[in-house]
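1. sequence first, then the predicted structure:
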Amino acid sequence: MILDTLRRFYNIYFSSEKDFARKIKPLLGFTPVRLSVFKQAFYHRSMNVDQSNKSFNNERLEYLGDAILSTIVAEYLFKKYPAKDEGFLTKMRSKIVRRQTLNEIADKMGLDLILSEYSQGKMSNTMLGNALEAMVGALYIEFGYKKTSAYVIRQILMKYLDIHALEQQNDNHKSIILEWSQKNGHEVEFVQMSKIKNDKRDFFRMAVMVNGDKISEAEDFNKKAAEQKAAELAIVELKI
């Protein structure tokens with residue numbers, strides 16, 4: 001504990017990365033001990049100009065953070081809604097950990113202020129959500145699961161997520177895009193691109209066509225599920 005305190009003091013006043021430490025402290029609410037891990041969480045692969053160090057980006061931390069965040073959210077919802085069934089909990093978790101929600105949370109947190117310094121070219125909303133997941137991965141390495149879970153719930157979910165609004169949100173993506181098309185005079189079709197056998201099961205690839213143009217496509221073992229996935233991608237692409 002004393003060593004960690006000394007390390008945090010060193011990081012913010014004497015470390016070669018003290019500028020980064022001073023930028024991230026207001027965002028996190030603390031100075032990390034493992035400063036380089038948090039820096040990597042905001043380091044997009046587009047910055048890998050050094051061919052000998054291609055692995056220094058946030059993709060591995062994003063992978064870790066994705067798994068940790070999903071578990072934290074599942075546990076949080078399980079305790080918050082003791083009377084709800086598995087279907088409700090699964091839908092709510094999907095709404096929280098999906099890319100659009102994470103992008104919005106990351107934007108509210110101001111992750112773009114740091115991420116913009118460690119990416120090249122135009123910064124996309126997806127990069128924000130990815131950085132948030134990578135940051136959760138860095139938190140896990142810094143604190144372990146128990147403290148990370150408490151931090152994510154108190155400092156992220158309860159601060160930046162309107163859980164009650166999500167409860168009312170329609171997650172039927174196909175319905176959303178069909179309603180949009182009717183209101184705006186567009187013709188939308190869901191077209192089956194292919195159907196193959198995968199592990200002795202049918203595997204569908206479905207596409208969303210708007211006015212004859214393919215907007216998105218997605219795959220799943222269930223045709224309706226593939227349509228929903230493709231519709232969700234189309235909603236993002238069309239900025240509905």
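-> Thanks, I have the structure now. Residues are numbered from 1 along each chain as shown.

2. now the terminal residues of stretch 110-129, how far apart.
-> Using CA to CA, to the nearest Å, one end of stretch 110-129 lies 11 Å from the other.

3. and the average pLDDT for that stretch is what?
-> Here stretch 110-129 scores 81 as its mean pLDDT.

4. quick one, helices of this structure?
-> 2-13, 18-28, 35-41, 59-80, 86-97, 99-109, 112-115, 125-143, 145-151, 158-160, 163-168, 173-184, 223-237 (DSSP state H).

5. now, of the ones you listed, which is deepest in the fold?
-> helix 125-143 (a mean of 24; mean count of other CB atoms under 10 Å). The C-beta positions use only the backbone N, C-alpha and C, and glycine is treated the same way.

6. thinking again about what came up before, which one of the helices of the chain lies closest to Asp213?
-> Distance to Asp213, taken as CB to CB, is lowest for helix 223-237 among the helices of the chain, at 10.7 Å.

7. separation between the residue nearest to Asp220 when sequence neighbours are not counted and Phe204?
-> Closest residue to Asp220 apart from its sequence neighbours, by CB to CB, 6 or more residues apart in numbering: Ala226 at 3.9 Å. To Phe204, Ala226 is 5 Å away according to CB to CB, to the nearest Å.

8. and what of Ile24?
-> 44 Å.

9. likewise for Asn222?
-> Counting by CB to CB, the separation of Asn222 from Phe204 is 7 Å.

10. neighbour count: the two, which is higher?
-> Legend: neighbour count by other CB atoms under 10 Å for Asn222 and Phe204, higher for Phe204 (21 against 13).

11. identify the residues contacting the more buried one.
-> Taking CB atoms under 8 Å, 6 or more residues apart in numbering, we find Phe204 in contact with 192, 194-195, 219-223, 226.

12. recalculate using a threshold of 6 Å.
-> 195, 223, 226 (CB atoms under 6 Å, 6 or more residues apart in numbering).

13. ok now do Glu187, which residues does it touch?
-> If you count contacts by CB under 6 Å, 6+ apart, then Glu187 has Asn211 around it.

14. circling back: quick check, nearest of the contacts of Phe204 to His44?
-> Comparing the contacts of Phe204 against His44 with CB to CB places Ala226 closest, at 30.1 Å.

15. that closest one contacts Glu232, doesn't it?
-> No. Using CB atoms under 6 Å, Ala226 is not in contact with Glu232, being 10.8 Å away.

16. out of the helices of the chain, flag the one nearest Asn211.
-> Short answer: helix 173-184, nearest of these by CB to CB, at 9.1 Å.

17. compute the inter-axis angle for the closest one and helix 223-237.
-> If you take axes from the mean of the first three to the mean of the last three CA atoms, to 10 degrees, helix 173-184 sits at 50 degrees to helix 223-237.
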